[in-house]
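>>> what's the 3D shape of this:
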Amino acid sequence: MKCEDCKYWDQIGDFRDNLDDMVGGYLGNDVKCIGFCMRYPPIRIQEMEELFQPNRYPKTLERYWCGEYESKKPIYPTLEALDLKPLTEMILIDGGIDSVEKLVDCTPKYIKGLRGIGSCAYRAIQESLNKFGLYINGTMDGEVLWIIKEAAEAEATADAAVREALGIEVVK
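Below you'll find the model as predicted:
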């Protein structure tokens, strides 16, 4: 639980050579990098107004820590926690997807390409992931819009078929 693993920390120094210049002095031999803590808004520093940088985030070393720590890495539920149908879960495992972490990294095309994963099973996978605030790679925006568009087109097609069967003309 150190700054370097916190989601609020942004590294600004990559190598030991540049660090002494960045903080203006000796840091010690065990320092790897330095970064900004962005947990709260920048702090106003009057001495920096002349340099047109009056607001700064606090600089911290990667080894520091505080009580506000939150991990950069999401904590994934188990595949069983998704509560998928046993057959769907078995197909995923046979396809090399044995964890939710691997599942969210897959493309929709890969998942849909697994033998036995139809549109219903794919939708069930997405809905199960959504309960945990997770999405299949690349689907958060585009896939949701695609599903909405697909549903609207299907509804329009069904509506047109009903009108045609009943002999109702659509006036435009």
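>>> from residue 121, how far off is residue 132?
For residue 132, the distance to residue 121 (C-beta to C-beta, to the nearest Å) stands at 18 Å. Quick note: C-beta positions are derived from backbone N, CA and C, even for glycine.
>>> quick one, which of these two is more surrounded?
residue 121 (19 against 15; other C-beta atoms under 10 Å).
>>> in space, what's closest to that one - neighbours in sequence excluded?
The shortest distance from residue 121 to any non-neighbouring residue, by C-beta to C-beta, 6 or more residues apart in numbering, is to residue 88 (4.8 Å).
>>> quickly find the element holding the one you found.
helix 86-94 (DSSP states H and E).
>>> contacts for the next helix-or-strand element following that helix, please.
Moving toward the C-terminus from helix 86-94, the next helix or strand (DSSP H and E) is helix 100-105. Applying C-beta atoms under 8 Å, 6 or more residues apart in numbering, the contact partners of helix 100-105 are 76-79, 81-82, 92, 96-97, 111, 125, 129, 132, 134-137.
>>> mind running it again at 7 Å?
76-79, 82, 92, 97, 129, 134-137 (C-beta atoms under 7 Å, 6 or more residues apart in numbering).
>>> give me the buried positions along it.
100, 103-104 (16 or more other C-beta atoms under 10 Å).
>>> average model confidence for that helix?
For helix 100-105, mean pLDDT rounds to 89.
>>> counting by contacts, list what the next helix or strand after it packs against.
Counting by DSSP H and E, the element after helix 100-105 in chain order, helix or strand, is helix 108-113. Applying 3 or more C-beta pairs under 7 Å, 6 or more residues apart in numbering; DSSP states H and E, we find helix 108-113 packed against helix 119-131.
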